[in-house]
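# Predicted model, plus sequence, below.
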Amino acid sequence: MKYWTISLAFLLSILLTACAPSTTVEKNRAPFSISDSLFDKSQTDNLGLQKPKSASHHLVFKAEAGTAQYNHGAVLFPFKNELFIQWQSSQKDEDAPETKILYSRSIDGNTWSEPQTLVVARKDALVTNGGWWSYGNTLIAFINVWPTNMQPKGGYVEYITSEDGIHWSQPAHLLDHQSKPVDGVIEQDLKTLPNGRILTAIHHQPGLIAKPFYTDDKTGLRGWTQGIMENLPHQPGISRELEPSWFLTKKSQPVMVFRDQGSSFTVLAARSNDNGKTWSTPTATNMPDSRAKQSAGNLPNGNAFLINNPSGNKNRAPLTITLSKDGELFDRAFLLRAESELPPMLYQGKYKRTGYSYPKSIVWNDRVWTSYAVNKEDIEVTSVEIGDL
């Protein structure tokens, strides 16, 4: 009798194991993939892609010798029928002590105003731009503050507000769900989930550990809560996953895409099934990347898109937009800027490099608008009619 009891239990365990979903396979399965033949790697200039007929390119700011040779991190945002753009600027080097945040505005995205200083340089900390948000008649600009002596390298978030895009409040701390200052620097990609929740990422202290963060506070100024996500193994003080963006699948699941600091030169991705509370462990996809910041989102019809430099190496050219109907298989792609369009770099400086760097995008007035730095010198914008995608 004891023998049959053990055998029956053993058989039952085998049956249950066979019928249960494979959590290991699901955990390691990439949230999305691209068609194998999407990019022609033999054509490094444009990867074999065509540029949409409606694509147009507009200069926002031209690097200025001796005063503003370094410009980077451009971020767009619509507010009161205008398009705003912010970026960090310094004399010649990346993250130099004199770095300040500039911004410009446009009524059509084609012609831009003379840039104004949004945030001045600080003596005891580096300041970099953290993106935009708005609620009601209030525009918000986020400021990433990096104290000079903080080890490991990290920072915190402040914000300023304006009702006219001209006059700005004094800086205040971004607050978490315990009404304490958020310990980390914010990523420039705030968007809302279908339930109204605001989702982005914070590079959390100590160091720079990328984590999804969300808030149900409509202002975006408080209530920030860290989503649960297990980071991949990497060196201390910095996560392998960096500088994420995100899009929604057809099933309304957010998928966060990351730069891979582990130099796989592919996009890492994690998915949430509960509106950002918990996430799968980031997994390498077959989407090539240049180990740089990228931009993702959704068109009005729900199609997902990803804008990046899919070179598969350190080359930040060309710049492309890749699309998917369901957010699981990306099977269409278009050229935004070819490598052959790059002008020569005019100025040398710390961490300077050629390419179309750190794209960020928004959907506005029936077009997809993408901002980026050219050779970390000039700030430019490319727009494409949604109908061409």
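On my side now, so go ahead.

# The closest residue to residue 232 other than its chain neighbours: how many residues sit nearby?
Spatially, and ignoring its direct neighbours in sequence, residue 232 is nearest to residue 240 (4.5 Å; Cβ to Cβ, 6 or more residues apart in numbering). In short, each C-beta sits where N, CA and C put it, glycine included. Around residue 240 sit 20 other residues, with neighbours defined as other Cβ atoms under 10 Å.

# Low-confidence stretches in this protein?
Regions of the chain meeting the criterion pLDDT under 70 cover residues 1-28.

# Mind jotting down where the helices sit in it?
Chain-ordered helices for the chain, with DSSP state H as the definition, fall at 2-19, 23-28.

# In contact with the spatially most central residue of the chain, which residues?
When the chain is reduced to its mean C-alpha position, the closest residue under Cα atoms, centre = their mean turns out to be residue 245, at 3.4 Å. Contact analysis of residue 245 by Cβ atoms under 8 Å, 6 or more residues apart in numbering lists 187, 189, 256, 257, 293, 294, 295, 296, 297, 306, 360.

# run the last query once more with 6 Å
Contacts for residue 245 (Cβ atoms under 6 Å, 6 or more residues apart in numbering) come out as 189, 257, 294, 295, 296.

# Leaving out chain neighbours, which residue sits closest to it?
Setting aside the residues directly before and after it, residue 245 is nearest to residue 296 in space (Cβ to Cβ, 6+ apart), at 4.1 Å.

# can you check residue 120 too?
For residue 120, the closest residue by Cβ to Cβ, 6+ apart turns out to be residue 100, at 5.5 Å.

# That neighbour - how many residues pack around it?
Here the number of neighbours of residue 100 (other Cβ under 10 Å) works out to 18.

# That one pairs with what?
In this structure, residue 100 has beta-bridge partners residue 89, where bridges are defined by DSSP bridges.

# Identify the residues contacting it.
Contacts of residue 100 were listed using Cβ under 6 Å, 6+ apart, and they are 89, 117, 120, 121.

# How many residues are close by the third one?
I take that to be residue 120. Using other Cβ under 10 Å as the criterion, residue 120 is surrounded by 10 other residues.

# go on, the first one?
Residue neighbour count, defined by other Cβ under 10 Å, stands at 25 for residue 89.

# How about the last one?
Here the neighbour count serves as a burial measure; for residue 121 (other Cβ under 10 Å) it reads 16.

# The second one now?
Per other Cβ under 10 Å, the neighbour tally for residue 117 reads 11.

# tell me the contacts of it?
Residue 117 makes contact with residue 100, according to Cβ under 6 Å, 6+ apart.

# Please repeat the previous calculation with a cut-off of 10 Å.
89, 100, 101, 102, 103 (Cβ atoms under 10 Å, 6 or more residues apart in numbering).

# One more: residue 293?
When contacts are counted by Cβ under 10 Å, 6+ apart, residue 293 touches 72-73, 187-189, 242-245, 258-259, 308-309, 316, 357-360, 372.

# Swap in 8 Å and give it another go.
Counting by Cβ under 8 Å, 6+ apart, residue 293 touches 73, 243, 245, 259, 357, 358, 359, 360.

# Same check on residue 354?
Taking Cβ under 8 Å, 6+ apart, we find residue 354 in contact with 316, 317, 342, 345, 375.

# 10 Å instead?
If a contact means Cβ under 10 Å, 6+ apart, then residue 354 has 315, 316, 317, 339, 342, 343, 344, 345, 374, 375, 376, 377 as its contacts.

# Reformat the residues you listed as CSV; add neighbour count and distance to residue 199.
Supplementary listing: the contacts of residue 354 in CSV, determined by neighbours: other Cβ atoms under 10 Å; distance: Cβ to Cβ, whole Å:
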residue, neighbour count, distance to residue 199
315, 16, 30
316, 28, 26
317, 23, 30
339, 20, 33
342, 18, 33
343, 10, 36
344, 6, 39
345, 16, 36
374, 25, 30
375, 23, 32
376, 24, 28
377, 23, 32
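
# out of these, who's nearest residue 59?
Proximity of the contacts of residue 354 to residue 59, judged by Cβ to Cβ, is greatest for residue 374, which lies at 8.9 Å.

# Please identify which of the contacts of residue 117 is nearest to residue 179.
Sorting the contacts of residue 117 by how near they are to residue 179, with Cβ to Cβ, puts residue 101 at the top with 26.2 Å.

# surely that closest one meets residue 72?
No: in this structure, residue 101 is not within contact of residue 72 by Cβ atoms under 10 Å, at 11.1 Å.

# so what sits against both of the two?
The contact sets of residue 101 and residue 72 overlap at 87, 88, 89, 128, 129 (Cβ under 10 Å, 6+ apart).

# Could you pick out the buried ones from those residues?
Of the members of the shared contacts of residue 101 and residue 72, the ones counted as buried by neighbours, 16 or more other Cβ atoms under 10 Å, are 87, 88, 89, 128, 129.

# Am I right that the second one is in contact with residue 115?
No: at 11.8 Å, residue 88 does not count as touching residue 115 under the criterion of Cβ under 10 Å.

# Give the intersection of the neighbour lists for those two.
By Cβ under 10 Å, 6+ apart, residue 88 and residue 115 have these common neighbours: 71, 102.

# circling back: could I get the contacts of residue 354 as JSON lines with distance to residue 165?
Formatted as JSON lines, these follow (distance: Cβ to Cβ, whole Å):
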{"residue": "315", "distance to residue 165": "36"}
{"residue": "316", "distance to residue 165": "30"}
{"residue": "317", "distance to residue 165": "33"}
{"residue": "339", "distance to residue 165": "35"}
{"residue": "342", "distance to residue 165": "32"}
{"residue": "343", "distance to residue 165": "30"}
{"residue": "344", "distance to residue 165": "35"}
{"residue": "345", "distance to residue 165": "32"}
{"residue": "374", "distance to residue 165": "25"}
{"residue": "375", "distance to residue 165": "28"}
{"residue": "376", "distance to residue 165": "26"}
{"residue": "377", "distance to residue 165": "26"}
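
# how deep is the closest residue to residue 265 other than its chain neighbours tucked in, by neighbour count?
In space, and not counting its chain neighbours, residue 265 is closest to residue 312: 5.0 Å by Cβ to Cβ, 6+ apart. Applying other Cβ under 10 Å, we find 18 residues neighbouring residue 312.

# Perfect, that will be all.
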